[in-house]
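Colleague: Fold the following for me, if possible:
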Amino acid sequence: VLGGLEPNPPVWPSTVSVFSPDMSSSDIEGVVGAAYAINGGDPRTSCNNGEFSSERFAFLFMPGTYRDLDVPIGYYTSAYGLGMAPTDTVFDGGKGVYAEEACGSYETGALTTFWRSAENFHSMSNYTWEVGTGMSWVVSQAAPLRNVKVDNDLLFFEYLSQYCCAAGYASGGWGSGVDVGGRTKFGSQQQFMIRSSSSGGGFEAPVWNGVFVGVNGAPAAQCGESNTESSQASIAVEPTVPLVAEKPYVTTLDGGKSYKLIVPSPQTDSSGLSWTSTGYPSAKIIDFSDVYVTQPGDSSETINAKLSAGLHVVVSPGVYSLDSSLVIPNENQVLLGLGLATLIAPSNGEPCIRISDVPGVRVAGVLLEAGHYETNGAMLQVGESGAYIGVASNPTVLTDVFARVGGPSTGVGPVGTMILIQSGYTVIDNTWLWRADHGVDGLTYNSENPVFNGLIVNADNVFAYGLAVEHTIEDNVVWNGSNGLTYFFQAEIMYDYLDSTWDHSCYKLGENVDGHIATGMGCYSYFRDAASRAPIGINTAGAKNIKIDKTVSVFLNGVSGSGIDNVIDSDGLAVGDDNHVNYHC
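Modeller: Purely as a prediction, here's the structure:
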């Protein structure tokens, strides 16, 4: 890093609120409640309030104990403890930090409870919800829970007293670094991924697909039961995480007089919690004099000047309309978003972010959004030349990076792909790549807001944990590199296809792939507008030396006669009107 001149403490914009334990609960709850009124609301009286808001919020809690505090987290809102370890920032009593489903009808429930996060604290909440006592985090995609200690139960679903028939539907989800003293309950969650965690009271299975990687106390692996909607879920269990580096985070240990950026080191074949009572012993500690904190409204030129100078960048909560790509030119450089910082693709057709042919880059916590013009290639491009093989001991890691085409507005795109990876030893650690099926103007029809693929991998030795891709015009994922790995995959085929055969797949391996491992894979159909069939959910296309197991196809709904003909390749395990779920173990 060539900087060293940035202010420390930084100049936080108004979208960032910093709290300390000596502040009154009423003052903190007043700030939090004002944000929640814009980007959230009690599901008993509201539905999806703020889903496509342009407001962004980050709540930073200094180390210490906060008593009897309620911190609801709505859309585009994140809560962060500022200690070195989760146990440094404690919520004792009350609801603590929590998320309820965004809509109080069980058919919608948490299905649209997206774009929020909570990280790096200790919840001692003993609040009694309808389904358990402890911390409630009732969410779907793009709503990660990271590095949180929970004394009691951890509840990923909700049942409201006004419901007549079932718990609210939910389509999650991600948890990592969670240390749960009680029971972890998934309830009505369709699928879920847990990594590098522990649950003293055990886990209750989600509905269709549960994946547990490097988890102490994980449930026993099991094949899903086919041909019945009351089936047991598929449970995939991997004892270790082959390669990962935890998400960078912000700390202050002197009451906000100065800040540090913590960058955990890569780990191989790890299991259990990555953090200790003192944080991450081998982490790199970067003084904020070497970190540029953006202000909402910053131009690409301003941010790129800081990146070019070698500074790390923390992107403050806001919506940034880029006029050119943000280019990350240096190895080990960090670009960390807070509060779902949103980057709108530039009008010149470039990606939102380009990473040069260098190792060890960390991009985390950002939401990439298509604009009202063509994005020629990808919204995020990893690697410039296409020939960079990467460094095994120093991977580039994309953590909590989300992308969407459509939603806040219609008529966006077209986009080639949301993420293009052409550098080896790249790790994806939780992503949701979404072509919007709905938005501010209602449902999406007739291939509006086109994006052709969610993820294209053209490099060897790429690892994906928690990969979710939905509604693309063609194959959701195209994986051409060898020696790749995916633990947990969830995809929905586009709803608005109009012909009889959608001749693509949710996950496609290139014919030259030599070596691929995948487990916990789901492909779902809802052909809303035509009696369309997808021939194959997971397509290995003649690839060699592959191991794919624990796969499932689901007929969510659709025109009579629609569905998926094969779970994987030509296995004959179809789903449709009369058979809604089918598993290939």
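
Colleague: Show the residue spans covered by the helices in this structure.
Modeller: 25-39, 300-308 (DSSP state H).

Colleague: Show me what the first one is packed up against.
Modeller: Read that as helix 25-39. Under the contact criterion of 3 or more C-beta pairs under 8 Å, 6 or more residues apart in numbering; DSSP states H and E, helix 25-39 touches strand 16-19, strand 57-61, strand 64-67, strand 70-72, strand 77-81. Heads up, the C-betas are built off the backbone N, CA and C, glycines and all.

Colleague: quick one, which of the helices of the chain is nearest to residue 153?
Modeller: helix 25-39 (22.8 Å; C-beta to C-beta).

Colleague: List the buried residues in the closest one.
Modeller: Buried residues in helix 25-39, counted by 16 or more other C-beta atoms under 10 Å: 28-29, 32, 35-36, 38-39.

Colleague: before we move on, back to that, dump the helices and strands packed on helix 25-39 to TSV, plus distance to residue 515 and mean pLDDT.
Modeller: Shown next, in TSV, are the helices and strands packed on helix 25-39 (distance: least, C-beta to C-beta, whole Å; pLDDT from 0 to 100):
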stretch	distance to residue 515	mean pLDDT
strand 16-19	44	98
strand 57-61	40	98
strand 64-67	48	98
strand 70-72	45	98
strand 77-81	37	98
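
Colleague: about what we covered before: right, and the helices of the chain - which one's nearest residue 240?
Modeller: Of the helices of the chain, nearest to residue 240 by C-beta to C-beta is helix 300-308, at 34.1 Å.

Colleague: Enumerate every residue touching residue 495.
Modeller: Going by C-beta atoms under 8 Å, 6 or more residues apart in numbering, residue 495 touches 437, 443-444, 471, 526-529.

Colleague: what about burial for these, which qualify?
Modeller: By 16+ other C-beta under 10 Å, these give 437, 444, 471, 526-529 as buried.

Colleague: Tell me the confidence at the residue lying closest to residue 501 once chain neighbours are set aside?
Modeller: In space, and not counting its chain neighbours, residue 501 is closest to residue 533: 5.7 Å by C-beta to C-beta, 6 or more residues apart in numbering. You'll see residue 533 listed with a pLDDT of 98.

Colleague: Pull up the gap between residue 533 and residue 522, please.
Modeller: 18 Å (C-beta to C-beta, to the nearest Å).

Colleague: Which one's more surrounded, those two?
Modeller: Neighbours per residue, other C-beta atoms under 10 Å: of residue 533 and residue 522, the larger number sits with residue 522, 29 against 19.

Colleague: So what pairs up with that one in the strands?
Modeller: Residue 522 has these beta-bridge partners by DSSP bridges: residue 490, residue 552.

Colleague: wait, what's in contact with it?
Modeller: Taking C-beta under 8 Å, 6+ apart as the criterion, residue 522 is in contact with 191, 208-209, 489-491, 551-554.

Colleague: top of these by neighbour count?
Modeller: Among the contacts of residue 522, residue 553 has the most neighbours (other C-beta under 10 Å), with 33 neighbours.

Colleague: any idea how far stretch 270-283 is from the chain center?
Modeller: 21 Å (C-alpha atoms, centre = their mean, to the nearest Å).

Colleague: begin at 28 from here
Modeller: Sure thing, new numbering starts at 28, so read that last one as stretch 297-310.

Colleague: follow-up on the earlier one: out of the contacts of residue 549, the closest to residue 415 would be?
Modeller: Distance to residue 415 across the contacts of residue 549 (C-beta to C-beta) is lowest for residue 516, with 25.1 Å.

Colleague: How confident was the prediction at the closest one?
Modeller: So, for residue 516, pLDDT stands at 98.

Colleague: and if you look at residue 257?
Modeller: In this model, residue 257 is scored at 57, pLDDT.

Colleague: cool, and the one 10 residues further on?
Modeller: Confidence per residue is given as pLDDT, and for residue 267 that number is 98.

Colleague: Next one: it from residue 424, what distance?
Modeller: According to C-beta to C-beta, residue 267 stands 17 Å off from residue 424.

Colleague: Between those two, which has more neighbouring residues?
Modeller: The residue with more neighbours, out of residue 267 and residue 424, is residue 424; 27 against 14, by other C-beta under 10 Å.

Colleague: who's in contact with that one?
Modeller: By C-beta under 8 Å, 6+ apart, the residues touching residue 424 are 271-272, 293, 388-391, 453-454, 456.

Colleague: Same check on residue 232?
Modeller: Listed by C-beta under 8 Å, 6+ apart, the contact set of residue 232 reads 213, 246, 259-260, 262.

Colleague: Filter the residues you listed down to the buried ones, PyMOL style.
Modeller: The buried residues among the contacts of residue 232 can be selected in PyMOL (16+ other C-beta under 10 Å) with this line:
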select buried, resi 213+246+260+262
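
Colleague: which residues of the protein score low on pLDDT?
Modeller: The chain contains residues with pLDDT under 70 at 28-30, 253-257.

Colleague: swap the cut-off to 80 and go again
Modeller: Within the chain, the stretches with pLDDT under 80 are 28-31, 191-192, 253-258.

Colleague: Could you measure from residue 607 over to residue 585?
Modeller: Residue 607 sits 10 Å away from residue 585, going by C-beta to C-beta.

Colleague: How about residue 71?
Modeller: Residue 71 sits at a distance of 31 Å from residue 585 (criterion: C-beta to C-beta).

Colleague: Looking at the two, which one has more neighbours?
Modeller: residue 585 (20 against 10).

Colleague: gap between that one and residue 551?
Modeller: From residue 585 to residue 551 the distance is 10 Å (C-beta to C-beta).

Colleague: Return the closest of the contacts of residue 424 with respect to residue 349.
Modeller: residue 390 (14.4 Å).

Colleague: Now flag whichever of the buried residues of helix 52-66 is closest to residue 489.
Modeller: residue 66 (33.9 Å).

Colleague: Pull the contacting residues for the closest one.
Modeller: 76-77, 80, 82, 84, 101-104.

Colleague: Need those residues in CSV (columns: distance to residue 407 and neighbour count).
Modeller: As requested, the contacts of residue 66 are exported to CSV (distance: C-beta to C-beta, whole Å; neighbours: other C-beta atoms under 10 Å):
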residue, distance to residue 407, neighbour count
76, 29, 19
77, 25, 21
80, 23, 18
82, 24, 17
84, 24, 28
101, 26, 25
102, 22, 28
103, 19, 31
104, 23, 29
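
Colleague: farthest pair in these?
Modeller: 76 and 84 (14.1 Å).

Colleague: for the contacts of residue 549, which one is nearest residue 337?
Modeller: Closest to residue 337, out of all of the contacts of residue 549 and judged by C-beta to C-beta, is residue 516, at 36.2 Å.

Colleague: For residue 306, give me its contacts.
Modeller: By C-beta under 8 Å, 6+ apart, the neighbours of residue 306 are 110-112, 278, 289.

Colleague: cool, and residue 406?
Modeller: Contacts for residue 406 were tallied using C-beta under 8 Å, 6+ apart; they are 372, 378-380, 395, 397, 430, 442, 444-446.

Colleague: Looking at the residues you listed, which are in strands?
Modeller: The strands, defined by DSSP state E, take in 380, 395, 430, 442, 444-446 from these.

Colleague: right, and out of these, which lies closest to residue 323?
Modeller: Relative to residue 323, the closest of the ones in strands among the contacts of residue 406 is residue 395; by C-beta to C-beta it sits at 16.6 Å.

Colleague: give me the beta-bridge partners of that closest one?
Modeller: Beta bridges link residue 395 to residue 370, residue 430 when assigned by DSSP bridges.
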